[in-house]
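Q: The sequence isn't on hand, but the structure is:
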């Protein structure tokens, strides 16, 4: 079954909510429907089920326009799981799920068939809520209700499951349980899934493709890797994020960037030689205190490279896993020429990045102030047979100041700033 949407527009009075939406969803896909509040996500779902009217031939199921389909055909094609479900009647969970069989009953007066009962049992088993059959729906928790409503949707035996924020009101464990259930229905039962989601990381984790709406228009429709980029998220949601890949699943995930202090740069420029995650806290502290910061040579993919990128700190970038080239080393020295202070963090030192220590010696000989942040120990992690630790001792003998912790270093820099005013 293929679902096609062709130039779909919809308005509430004079307010245009959807504007020329065109996309195609293949059988068995899991599609996340994303966008800011008011972007048209729920309206699009309602158009798919004819709850809201659309123009002829704008929505097709296997080339058949939905406006030519009967109500029973629509109900056998689409099943809807709304954001919330409630009833004032004393229905049990079993009653609610059996309602999903209405499109398959020849007559409501005929009652339930053995097939209906078998399908309902299967739906309860599939959603893991058979123990709720005899309980009143109104007495169930939010997560329990959601499972029962999904069971009702399964009882319809649809081809497409439409879900409007299926994890709303659930705690984090409930959210993952719900999304895992929906994913299993997709992969094991072959259901096509279209789910309105607000959590970008959830959408990236579970969706095959993502529809991103913005102001009623289709902003993007592609694999999560292609949709969830820093520029796109900033343009659509108005927030600045860092986009990463999970090292285990390779799914993209986003993290809001910490607010950057944009106050007047009252402090002097400071150049940081770091790597392996040792530089993040010092970069953050220096930026927050109003200093202009630059960073020595870092391999792309180094965690300090990512920290510097998040903080918008200028980086001298080397290709991943490569030794520092002569060109990048020269660029590092040019940066040192422009700064009065150089900070050396306790970064792991190997043959590939030893030139960063040599850059610190260059700074001392050029009359720069050099601070060596030792951390809890007295040395960096030495992968060059003691050569790095010996070189750090040479730096100290040449005038570099060893400082044990970040707070002491920030106080020393602040004291120097005050003395130089």
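A: Now that the structure is in, tell me what you want to look at. None of these values were measured; they are calculated from a predicted model.
Q: Show me where the stretch 201-350 of the chain dips below the pLDDT cut-off.
A: 257-267 (pLDDT under 70).
Q: how about the strands in it?
A: Using DSSP state E, counting those that start in this stretch, the strands assigned to the stretch 201-350 of the chain run over residues 209-214, 217-222, 241-245, 252-256, 270-273, 293-299, 315-318, 341-344.
Q: Next: the stretch 1-150 of the chain.
A: Under the criterion DSSP E, counting those that start in this stretch, the stretch 1-150 of the chain contains strands at 3-12, 15-25, 30-34, 59-61, 64-65, 78-81.
Q: Who are the packing partners of the fourth one?
A: So the one you mean is strand 59-61. strand 3-12 (3 or more C-beta pairs under 8 Å, 6 or more residues apart in numbering; DSSP states H and E). In this view, the C-beta of every residue, glycine as well, is placed from N, C-alpha and C.
Q: List the strands paired with the strand it packs on, with their directions.
A: In the sheet, strand 3-12 lines up against strand 15-25 (antiparallel), strand 59-61 (antiparallel) (DSSP bridges).
Q: between those, which one is nearest to residue 310?
A: Taking C-beta to C-beta, strand 15-25 is the member of the strands paired with strand 3-12 nearest to residue 310, at 32.9 Å.
Q: circling back: adding distance to residue 325, write the strands of the stretch 201-350 of the chain out as a markdown table.
A: Below are the strands of the stretch 201-350 of the chain laid out as a markdown table (distance: least, C-beta to C-beta, whole Å):
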| stretch | distance to residue 325 |
| --- | --- |
| strand 209-214 | 39 |
| strand 217-222 | 36 |
| strand 241-245 | 26 |
| strand 252-256 | 30 |
| strand 270-273 | 16 |
| strand 293-299 | 9 |
| strand 315-318 | 7 |
| strand 341-344 | 20 |
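Q: would you turn these into JSON lines with mean neighbour count?
A: JSON lines is the format used below for the strands of the stretch 201-350 of the chain (neighbours: other C-beta atoms under 10 Å):
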{"stretch": "strand 209-214", "mean neighbour count": "23"}
{"stretch": "strand 217-222", "mean neighbour count": "17"}
{"stretch": "strand 241-245", "mean neighbour count": "15"}
{"stretch": "strand 252-256", "mean neighbour count": "16"}
{"stretch": "strand 270-273", "mean neighbour count": "26"}
{"stretch": "strand 293-299", "mean neighbour count": "25"}
{"stretch": "strand 315-318", "mean neighbour count": "21"}
{"stretch": "strand 341-344", "mean neighbour count": "25"}
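Q: Among these, which comes closest to residue 121?
A: strand 209-214 (33.4 Å).
Q: what about the closest one, distance to the chain center?
A: Relative to its chain's centre, strand 209-214 lies at 14 Å (C-alpha atoms, centre = their mean, to the nearest Å).
Q: rewinding a little: I'd like to know which of the strands of the stretch 1-150 of the chain lies nearest to residue 341.
A: With respect to residue 341, and counting by C-beta to C-beta, the nearest of these is strand 30-34 at 44.7 Å.
Q: Show me what the closest one is packed up against.
A: Against strand 30-34 (3+ C-beta pairs under 8 Å, 6+ apart) you get helix 41-48, helix 172-189, strand 192-196, helix 200-206, strand 209-214.
Q: relative to strand 15-25, how tilted is it?
A: Strand 30-34 and strand 15-25 meet at an angle of 160 degrees, taking axes from the mean of the first three to the mean of the last three C-alpha atoms, to 10 degrees as the criterion.
Q: Look up how far residue 74 lies from residue 56.
A: 15 Å (C-beta to C-beta, to the nearest Å).
Q: Tell me which of those two has more neighbours.
A: Comparing residue 56 with residue 74 by other C-beta atoms under 10 Å, the one with more neighbours is residue 74, at 18 against 10.
Q: Would you check that that one makes contact with residue 66?
A: Yes: between residue 74 and residue 66 there is a contact under C-beta atoms under 8 Å: 6.6 Å.
Q: Now for these two: what residues contact both?
A: Counting by C-beta atoms under 8 Å, 6 or more residues apart in numbering, the common neighbours of residue 74 and residue 66 are residue 50.
Q: Next, residue 321: phi, psi?
A: Residue 321 adopts backbone torsions of phi 70, psi 10, taken as degrees, to the nearest 10.
Q: tell me the contacts of it?
A: 299, 352.
Q: Quick one: the strands of the stretch 1-150 of the chain as TSV, columns for mean pLDDT and mean neighbour count too.
A: Shown next, in TSV, are those (pLDDT from 0 to 100; neighbours: other C-beta atoms under 10 Å):
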stretch	mean pLDDT	mean neighbour count
strand 3-12	96	17
strand 15-25	96	16
strand 30-34	98	25
strand 59-61	97	20
strand 64-65	96	15
strand 78-81	96	23
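Q: which one of these lies closest to residue 158?
A: Per C-beta to C-beta, nearest to residue 158 of the strands of the stretch 1-150 of the chain: strand 78-81, 3.8 Å.
Q: Nearest to residue 255, out of the helices and strands packed on strand 30-34?
A: Residue 255 lies closest, by C-beta to C-beta, to one member of these: helix 200-206, at 8.9 Å.
Q: residues making contact with the closest one?
A: With C-beta under 8 Å, 6+ apart as the criterion, helix 200-206 contacts 30, 32, 34, 167, 175, 179, 182-183, 195, 197, 210, 224, 228, 233, 249, 251-254.
Q: how does it look with 6 Å?
A: Contact with helix 200-206 is made by 32, 34, 179, 183, 197, 210, 224, 228, 251, 252, 253, 254, as judged by C-beta atoms under 6 Å, 6 or more residues apart in numbering.
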